[in-house]
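K.L.:
Pasting the sequence and the predicted coordinates here, then a few questions.
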Amino acid sequence: MERVERIERGDAAGQPASPRTGRRVAPTGRGVAGRLARATFALGLSGLVAGLTAAVPSGGAGAATTIGSNKSYAQAQLLRLSDMPHGWTKSGSDWVGTSADQNSPSLFTMTQFPQFSTCLGKAAPLSVVAAEASTPDYYSKDGNTDVFDVADVYSSVSQAKSDLPPFNDPKLASCFVNVEGPFITSVDQSSWPTGSSFGTPRATVSRFARYGEQSEMLEVQTPVTLPQGQGTSNDFLVAVVIRQGRSVAELVIDQGDTPASAELTASLAKTITARMKMPPPRNSVVAA
């Protein structure tokens, strides 16, 4: 589902404009037109998904059936508005599809971004496709913080592990900026006043408390120069990737001026992990 309608602080959103930055609140359209890095590769993957319709894994259930029935499991793991602090709002609704869809909002599925492997100097992993769901954009009361998360459910634990980026690789942060930097900047352009200019995003892999069976955190900081001599600021993006069994979650917090609070990040990561540990709905197929 495309998130393209823009809302500026102080009018339709009914929220006060920030006196220092005038930063706009805008659903970012993540995974839509800006997702240029995966566009051509996704076209080739459409054949893979079609081929999975006839494939039958060792568990006996068709792989395409597994992907389709896992979509409800992925959606059940998503954050809800009730998980946010009091006064938050949302824009849009859940998106449900697969990790191979061209408008997939995932930032970290390795097999869908061969550029990661090329940049890291590693052999491209075997392509796998997961059932995927993502939340609407959730906005803080002051409009300065945007949260969304993506849930991927694979047919097996080994597939989930194979699709995770190697966060222990010292080149991972720079490769992430190389692959995703243009997309992040394009999103930032729609979230700040017209005429703002942006420096090169800088990313670091940070220490993070363990959630689920595996968790990692990547922080991205993009310098912003505001128009008409209004000064400078920064756009901060925190991405937490959690794996629990055959499920992988991407929690993304985008905030202006200051990094996202550690308390909010930990609280949401804990909520997501608890949902990932819940048993799948009855119509969700687990491959053997």
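P.N.:
Looks like it came in fine.
K.L.:
Only C-alpha atoms from now on, for both contacts and neighbour counts.
P.N.:
Noted.
K.L.:
buried residues in stretch 217-229?
P.N.:
Met217, Leu218, Glu219, Val220, Gln221, Thr222, Pro223, Val224, Thr225, Leu226 (16 or more other CA atoms under 10 Å).
K.L.:
Is Val224 bridged to anything, and to what?
P.N.:
Phe198, Ser233 (DSSP bridges).
K.L.:
wait, doesn't it sit right on Asn234?
P.N.:
Yes. Using CA atoms under 8 Å, Val224 is in contact with Asn234, at 5.2 Å.
K.L.:
quick one on the thing from earlier: between the buried residues of stretch 217-229, which sits nearest Pro280?
P.N.:
Pro280 has its nearest neighbour among those in Met217, at 25.8 Å by CA to CA.
K.L.:
Check whether Phe268 sits in a helix, strand or coil.
P.N.:
If you look again at residue 268, you'll see it is Leu, not Phe. Here Leu268 is recorded as helix under DSSP: H, G, I helix; E, B strand; the rest coil.
K.L.:
change the start of the numbering to 10 and stick with it
P.N.:
Got it, the first residue is 10 from now on, which makes the last one we talked about Leu277.
K.L.:
isn't it right up against Asp92?
P.N.:
Yes. Between Leu277 and Asp92 there is a contact under CA under 8 Å: 7.4 Å.
K.L.:
Between those two, tell me which one has more neighbours.
P.N.:
Leu277 (18 against 13; other CA atoms under 10 Å).
K.L.:
what sits against that one?
P.N.:
Leu88, Asp92, Met93, Leu260 (CA atoms under 8 Å, 6 or more residues apart in numbering).
K.L.:
Doesn't Pro288 lie inside a strand?
P.N.:
No. Under three-state DSSP, Pro288 sits outside any strand and is assigned coil.
K.L.:
coming back round to it: cross the buried residues of stretch 226-238 against strands and list the overlap.
P.N.:
Met226, Leu227, Glu228, Val229, Gln230, Thr231, Pro232, Val233, Thr234 (DSSP state E).
K.L.:
now the residues you listed in a markdown table, with distance to Met285 and pLDDT?
P.N.:
A markdown table is the format used below for these (distance: CA to CA, whole Å; pLDDT from 0 to 100):
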| residue | distance to Met285 | pLDDT |
| --- | --- | --- |
| Met226 | 18 | 95 |
| Leu227 | 20 | 95 |
| Glu228 | 23 | 95 |
| Val229 | 25 | 94 |
| Gln230 | 29 | 94 |
| Thr231 | 31 | 93 |
| Pro232 | 35 | 93 |
| Val233 | 36 | 93 |
| Thr234 | 40 | 93 |
